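Enquirer: okay, sequence plus prediction incoming.
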Amino acid sequence: MGGDFTIDQKRYLEGFVSGAQAVQAVRGGARSTAAPGDAAATTGPDAASHQAMARFEAEGRKLTPEEKAKREELGLDSYDRMRAAAREGTFPKGPDLLRWKYHGLFHVAPAQDSYMCRMRIAGGILTHWQFRGVADIASTHGGGYADITTRANLQIREIPATDGIAVLERLVDLGLTARGAGADNIRNVTGTPTAGIDRQELIDTRPLTHEWHHYILNNRDMYGLPRKFNVAFDGAGLIGALEDTNDIGFQAVEVEDGFGIPGGVWLRLALGGITGHKDFARDTGVVVRPAEATEVAAAIVRVFIDTGDRTDRRKARLKYVLDAMGFDGFLARVEDKLGRPLARVPAAAVLPRAEPDRLAHLGVHPQRQAGLSYIGVGLPAGRMTAAQMHGLADISARLGDGDIRLTVWQNLLISGIAAAHVKEACAAIAALGLSTEATPLQAGIVACTGSKGCRFAAADTKGTARAILAHCEARLALDGPVNVHVTGCHNSCAQHYIGDIGLIGARVPVNDDGDTVDGYHLFVGGGFGSQAAIAREIYRDVKAQDAPLVVERLLKSWLAHRAEGEAFAQFTRRLDIEALKALAEQEAAA
């Protein structure tokens, strides 16, 4: 055909191209036809993240390799190649290590030449049949066990290269997903584990965690972050959600009348928690209606996408944006995204919140529903076998309400148990080799995966945690809760800085030839919630085999020298480090 197009032909072609671009944006995210640095050429749901990358380049700054990999192919678009790799029995390499994590698959070599799959479980609550299904997947495709994480989540380990896709698809068949559970994404959404059954809660967080969970899954731009992001909803219940350790912490509070907004239950907004970098989420003075929480969280995430550092992974967290912009400057950007101001109230408008019970995640506790109780089950450093999972699922189905509730303390609750069945349920749990005893140390032991399953860890944290528990419980009678957090590296997945006693993995030299053994640096005096504090270092280079004895001496010195009613954290904060060491040495000499 020759000549120019007619007006009608031009309009048809313009409409065709526009429609094709829209379909491409939905299917494959943003596409850029220009050279890097031309932000205007990027369209589609990935546009904001690509434009942020381009701004850094325009400033003459170099993107991290991870940012370049995400611009070339976002992990969400890698599924076909993942399936091909599974057929070939090969693990990812190079940038694909990051991309596969967008689907929840982590190649954890050299610790294990296998995948770990981390799930996404809104609020940490799942049904007995989903829990049983995860056990079946772990038996068929993994190591025959699962771990509960410090985000009230589940992980399956020892998955061969051929089985990663099968695990992901079987999870979807169960009504679960691993999408966005790793890499630079919004991680598992946590909430109050006793939501809806709690005797003191101000709000049931289940609708809030589920709404945010599904919003993340169904909005592609929520996967354009420069680094990971954590969000938690705390309903002011008996068991804390550790919301102040999250990038966004929503805290249920009761607001009095007379401060410019209607009185009642609101969500107080705290921002910037990242305890591995020695910072808690701080109160912003903003309060949010529960029905608006998802909208506000999304606006905060979008400002982070626009402003988070894409040139330095160590500084690519919300804390550092807040440090640079200030809270007022950051919240002004959030209000621009929302198109309206956020509600603010003075501290005097907020009534005091009930304190959580640090032992309430273990043992038998009455629910708000008359005649019903939940039972908190203790797990050794969060690990359980598939057989134990089957047994717990059976107890939940037969004697409870059918729910399994995971906690950030790496254990689980079985809810809805009638008074007449509590004794039977406890006996059945004990028959599985698990405990319902609310001992202070059992309640407070937290451990990350450690060197047996994570290439970053410098020590076998789960083994050390179990050793500390066994050693100290056989020798000490504690009369108050003590948290011992054992983490393997500076990523601080077990949040060692908030433990009464915190341990971080280290390679400890044993000779002049460069040989090392598992070991730890020890910290004391951490806390969370109303007692929030960053722990101080007391010892360096303690061999793993000596760690239980060192912890015992610290606890004995507290029991011998504390003031009346003084908690361990208060005791360690009252004394300087040298004084604490001297008291521990006295115990060693004795």
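Expert: The structure has been received and is ready for your questions.
Enquirer: what's the pLDDT at Ser492?
Expert: At Ser492, the pLDDT value in this model is 87.
Enquirer: and it, that's in a strand?
Expert: No - counting by DSSP: H, G, I helix; E, B strand; the rest coil, one finds Ser492 to be coil, located in no strand.
Enquirer: apart from its chain neighbours, what residue comes closest to it?
Expert: Distances taken as C-beta to C-beta, 6 or more residues apart in numbering put Gly276 closest to Ser492, at 3.2 Å, once the chain neighbours are dropped. For every residue, glycine as well, the C-beta is placed using N, CA and C.
Enquirer: all helices for the stretch 301-450 of the chain, in order.
Expert: Along the stretch 301-450 of the chain, the segments classed as helices by DSSP state H, counting those that start in this stretch run 318-338, 386-399, 422-431, 440-444.
Enquirer: tell me the most buried of those helices?
Expert: helix 440-444 (a mean of 22; mean count of other C-beta atoms under 10 Å).
Enquirer: and Ala370, how many neighbours does it have?
Expert: 7 (other C-beta atoms under 10 Å).
Enquirer: make 52 the first number, not 1, from now on.
Expert: Yep, numbering from 52; the last one is Ala421 now.
Enquirer: so the residue nearest to Ser543 makes contact with Ala545?
Expert: No - the criterion here is C-beta atoms under 8 Å, and Gly327 misses it with Ala545 at 9.8 Å.
Enquirer: which SSE is the closest residue to Gln637 other than its chain neighbours in?
Expert: Once flanking residues are discounted, Gln637 sits nearest to Ser608: 7.0 Å by C-beta to C-beta, 6+ apart. When elements are defined using DSSP states H and E, Ser608 is found to belong to helix 598-612.
Enquirer: pull the distance from the helix or strand that that helix is followed by to the chain's centre.
Expert: Per DSSP H and E, helix 598-612 leads on to helix 619-625 as the next helix or strand towards the C-terminus. Distance of helix 619-625 from its chain centroid, counting by C-alpha atoms, centre = their mean, to the nearest Å, is 27 Å.
Enquirer: check which helices and strands helix 619-625 sits against.
Expert: helix 598-612 (3 or more C-beta pairs under 8 Å, 6 or more residues apart in numbering; DSSP states H and E).
Enquirer: low pLDDT regions in the protein?
Expert: For the chain, residues meeting the criterion pLDDT under 70 lie at 52-93.
Enquirer: center of it, which residue is that?
Expert: Closest residue to the average C-alpha location of the chain: Arg202 at 3.4 Å, with C-alpha atoms, centre = their mean.
Enquirer: that one contacts Val459, correct?
Expert: Yes - here Arg202 reaches Val459: they are 6.5 Å apart, a contact under C-beta under 8 Å.
Enquirer: what do those two both touch?
Expert: 175, 241 (C-beta atoms under 8 Å, 6 or more residues apart in numbering).
Enquirer: not counting sequence-adjacent ones, nearest residue to the residue nearest to the centre of the chain?
Expert: Per C-beta to C-beta, 6+ apart, closest to Arg202 is Asn239, 4.5 Å.
Enquirer: please report how far that neighbour lies from Ile210.
Expert: 19 Å (C-beta to C-beta, to the nearest Å).
Enquirer: cool, and Asn204?
Expert: 16 Å.
Enquirer: so Asp308 sits right up against Gly314, yeah?
Expert: Yes - the pair Asp308 / Gly314 is scored as a contact, 3.7 Å apart, by C-beta under 8 Å.
Enquirer: compare these two (neighbour count), which wins?
Expert: Ranked by neighbour count (other C-beta under 10 Å), Asp308 and Gly314 place Gly314 first, with 13 against 10.
Enquirer: so what's the more buried one up against?
Expert: Here Gly314 is in contact with 305-308 (C-beta under 8 Å, 6+ apart).
Enquirer: let's see 6 Å
Expert: Counting by C-beta atoms under 6 Å, 6 or more residues apart in numbering, Gly314 touches 306-308.
Enquirer: looking at these, which one is closest to Lys144?
Expert: Of all those, Lys144 sits closest to Val306, with 52.9 Å by C-beta to C-beta.
Enquirer: now the closest one. Its backbone dihedrals?
Expert: phi -100, psi 130 (degrees, to the nearest 10).
Enquirer: quick one, what contacts it?
Expert: If a contact means C-beta under 6 Å, 6+ apart, then Val306 has 314, 317, 396, 400-401 as its contacts.
Enquirer: look at Thr305 and give its secondary structure.
Expert: Thr isn't right for residue 305; it's Glu. strand.
Enquirer: doesn't Leu402 make contact with it?
Expert: Yes - applying C-beta atoms under 6 Å, one finds Glu305 in contact with Leu402, separated by 4.4 Å.
Enquirer: of those two, who's got more company?
Expert: Between Glu305 and Leu402, Glu305 has the larger neighbour count (other C-beta under 10 Å), namely 16 against 12.
Enquirer: ok, the more buried one to Val337 distance?
Expert: 16 Å.
Enquirer: same deal with Lys503?
Expert: 43 Å.
Enquirer: okay, the two: which has more neighbours?
Expert: Shown here are Lys503 and Val337; by other C-beta under 10 Å, Val337 has more neighbours (21 against 16).
Enquirer: coming back round to it: common neighbours of Glu305 and Leu402, please.
Expert: With C-beta under 6 Å, 6+ apart, Glu305 and Leu402 have no common neighbours.
Enquirer: strands of the stretch 452-601 of the chain, start to end?
Expert: 454-457, 463-469, 496-498, 535-538, 552-560, 567-575, 587-594 (DSSP state E, counting those that start in this stretch).
Enquirer: may I see the buried residues of the fifth one?
Expert: Neighbour-count burial for strand 552-560, counted by 16 or more other C-beta atoms under 10 Å, picks out 552-557, 559.
Enquirer: repeat for stretch 409-427
Expert: 409-416, 418, 423-427.
Enquirer: that one: end-to-end distance?
Expert: End-to-end distance for stretch 409-427: 12 Å, by C-alpha to C-alpha, to the nearest Å.
Enquirer: next one: that stretch to chain centre, how far?
Expert: Distance, centroid of stretch 409-427 to centroid of chain: 24 Å (C-alpha atoms, centre = their mean).
Enquirer: do stretch 253-271 as well
Expert: In terms of C-alpha atoms, centre = their mean, the centre of stretch 253-271 is set 15 Å apart from its chain centre.
Enquirer: just stretch 569-577 next, same as before
Expert: 21 Å.
Enquirer: can I get the CA coordinates of that stretch in CSV?
Expert: The C-alpha coordinates for stretch 569-577 follow below in CSV (Å, rounded to 0.1, in the frame of the first residue of the first chain):
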residue,chain,number,x,y,z
ASP,A,569,31.9,-21.6,65.9
GLY,A,570,31.5,-18.8,68.4
TYR,A,571,29.7,-15.7,69.4
HIS,A,572,29.9,-12.1,70.6
LEU,A,573,27.5,-11.7,73.6
PHE,A,574,25.2,-8.7,74.4
VAL,A,575,23.0,-7.9,77.4
GLY,A,576,20.2,-5.5,78.3
GLY,A,577,18.1,-5.5,75.1
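Enquirer: and Ser618, how many residues sit next to it?
Expert: For residue 618 the amino acid is Ala, not Ser. What Ala618 shows, counting by other C-beta under 10 Å, is a neighbour count of 17.
Enquirer: which residue, other than its chain neighbours, is closest to it?
Expert: Gly531 (5.9 Å).
Enquirer: cool, and Tyr166?
Expert: Closest to Tyr166 by C-beta to C-beta, 6+ apart is Ile210, at 3.9 Å.
Enquirer: ok, Gly539 next?
Expert: Ala508 (2.7 Å).
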